[in-house]
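Q: Here is the input, now give the coordinates:
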Amino acid sequence: QVQLMESGGGSAQAGGSLRLSCAASGRTLSNYAMGWFRRAPGKEREFVAAITPDGLVTYYADSVKGRFTVSRDNSKDTVYLQMSSLKPEDTAVYYCAARYIFRRSVYYTSHNDYYDWGRGTQVTVSS
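A: Below is the predicted model:
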């Protein structure tokens with residue numbers, strides 16, 4: 001089992017940027033498909049972005065496409081979510097998730113497909 005810890009959350013103005021990090025311990029991330037999810041107050045958990053173990057393929061929710069970028073550095077066992085052009089509706093707790101997989105070019109968009117989760121980091125965007 002891999003342990004995940006998110007960091008980089010905080011407050012930003014609308015139109016601003018934040019970069020979230022998800023650091024892993026206990027296992028190397030090179031064989032894990034990774035995802036970012038978020039949960040806004042009173043709403044269901046929502047898929048944000050996913051990246052394959054090799055980092056070559058990414059996928060985004062329509063609501064963040066063109067504004068957010070997911071990347072990874074397997075040498076540092078860390079995954080990133082660069083968030084730009086932030087909107088108040090991006091306010092949520094953001095979680096990273098991991099799924100061990102042998103295949104290098106697979107990603108997942110459903111929270112049911114991930115087995116390991118971080119505790120989340122709060123992002124608040126004010127107008």
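
Q: So I101 versus W36, what's the distance?
A: Here I101 is placed at a distance of 17 Å from W36 (CB to CB, to the nearest Å). For glycine as for every other residue, the C-beta is placed from the backbone atoms N, C-alpha and C.

Q: Who has more neighbours out of the two?
A: Using other CB atoms under 10 Å, the more surrounded residue of I101 and W36 is W36, with 27 against 16.

Q: Check the more buried one and give its pLDDT.
A: Model confidence at W36, expressed as pLDDT, equals 98.

Q: which parts of the strand or helix carrying it are buried?
A: Using DSSP states H and E, W36 maps to strand 32-39. For strand 32-39, the neighbour count (16 or more other CB atoms under 10 Å) marks Y32, A33, M34, G35, W36, F37, R38 as buried.

Q: Find the nearest non-adjacent residue to the residue nearest the centre of the chain, please.
A: For the chain, the residue sitting closest to the mean C-alpha position, by CA atoms, centre = their mean, is W36 at 2.5 Å. Leaving aside its sequence neighbours, W36 sits nearest to V48 (CB to CB, 6 or more residues apart in numbering; 4.2 Å).

Q: How about the contacts made by the one you found?
A: V48 sits next to G35, W36, F37, R38, Y60, A61, V64, F68, L81, Y94 when contact means CB atoms under 8 Å, 6 or more residues apart in numbering.

Q: give me every residue that touches the fourth one.
A: By CB under 8 Å, 6+ apart, the residues touching R38 are R45, E46, V48, D90, A92, V93, Y94, Y95, V123.

Q: pretty sure the fifth one is touching W36, no?
A: The reference is to A92. No: counting by CB atoms under 8 Å, A92 stays clear of W36, with 10.6 Å between them.
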